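Participant: Here is my input; please provide its structure:
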Amino acid sequence: MIFYHVLAHIDFFQNNAYFRHTWEYDLTGKALADKRLIARLRSEHGRWVDYVIEFGRAIDNLVGLLRGARPVSSERTPRSPSGSTTTLTSSSRRPRS
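Facilitator: As a prediction, the model looks like this:
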């Protein structure tokens with residue numbers, strides 16, 4: 001089923017003017033070769049191949065995730081909507097209902 005999903009993506013890219021540069025690529029042949037390679041590896045090594053593929057996909061999702069993150073300061077001061085800093089004391093908190 002996944003292979004047919006891949007074929008649908010290939011069809012989209014090879015029939016879309018924005019991806020004209022991919023029209024000469026043999027993406028279907030490459031996908032079929034990859035499918036056969038995975039099937040051969042599964043027959044030789046069993047279900048471990050699926051675990052390795054999923055692990056690789058998980059790592060791929062994390063690469064660069066935190067690249068643009070900024071460090072969080074441990075000393076944060078709450079700000080009011082006007083932008084001024086405020087201090088929260090026990091008398092300024094609302095009573096619980």
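Participant: For the rest of this, base every contact and every neighbour count on C-alpha atoms.
Facilitator: Noted.
Participant: longest helix anywhere in the chain?
Facilitator: Using DSSP state H, we find that the single longest helix of the chain is helix 27-45.
Participant: Return the set of buried residues in it.
Facilitator: For helix 27-45, the neighbour count (16 or more other Cα atoms under 10 Å) marks L27, A31 as buried.
Participant: Which elements pack onto the following helix or strand past that helix?
Facilitator: Downstream of helix 27-45, the first helix or strand assigned by DSSP states H and E is helix 48-62. If you count contacts as 3 or more Cα pairs under 8 Å, 6 or more residues apart in numbering; DSSP states H and E, helix 48-62 packs onto helix 27-45.
Participant: avg pLDDT for the helix it packs on?
Facilitator: If you average the pLDDT over helix 27-45, you get 91.
Participant: Show me what that helix packs onto, helices and strands only.
Facilitator: So helix 27-45, by 3+ Cα pairs under 8 Å, 6+ apart, packs with helix 2-14, helix 48-62.
Participant: Report the angle between the longest helix of the chain and helix 48-62.
Facilitator: 130 degrees (axes from the mean of the first three to the mean of the last three Cα atoms, to 10 degrees).
Participant: who's in contact with helix 27-45?
Facilitator: If you take Cα atoms under 8 Å, 6 or more residues apart in numbering as the criterion, helix 27-45 is touched by F3, V6, L7, I10, W48, V49, D50.
Participant: Kindly export the helix or strand of the chain with the lowest mean pLDDT (C-alpha atoms) in CSV.
Facilitator: When each helix and strand of the chain is scored by mean pLDDT, DSSP states H and E, helix 2-14 comes last, with a mean of 81. Only the C-alpha atoms of helix 2-14 are listed here, as CSV (Å, rounded to 0.1, in the frame of the first residue of the first chain):
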residue,chain,number,x,y,z
ILE,A,2,2.8,2.4,0.8
PHE,A,3,4.4,1.7,-2.6
TYR,A,4,1.2,2.9,-4.3
HIS,A,5,1.2,6.0,-2.2
VAL,A,6,4.8,6.7,-3.4
LEU,A,7,3.7,6.2,-7.0
ALA,A,8,0.9,8.8,-6.5
HIS,A,9,3.5,11.3,-5.3
ILE,A,10,5.8,10.5,-8.2
ASP,A,11,2.8,11.0,-10.6
PHE,A,12,2.1,14.3,-9.0
PHE,A,13,5.6,15.6,-9.2
GLN,A,14,6.2,14.4,-12.8
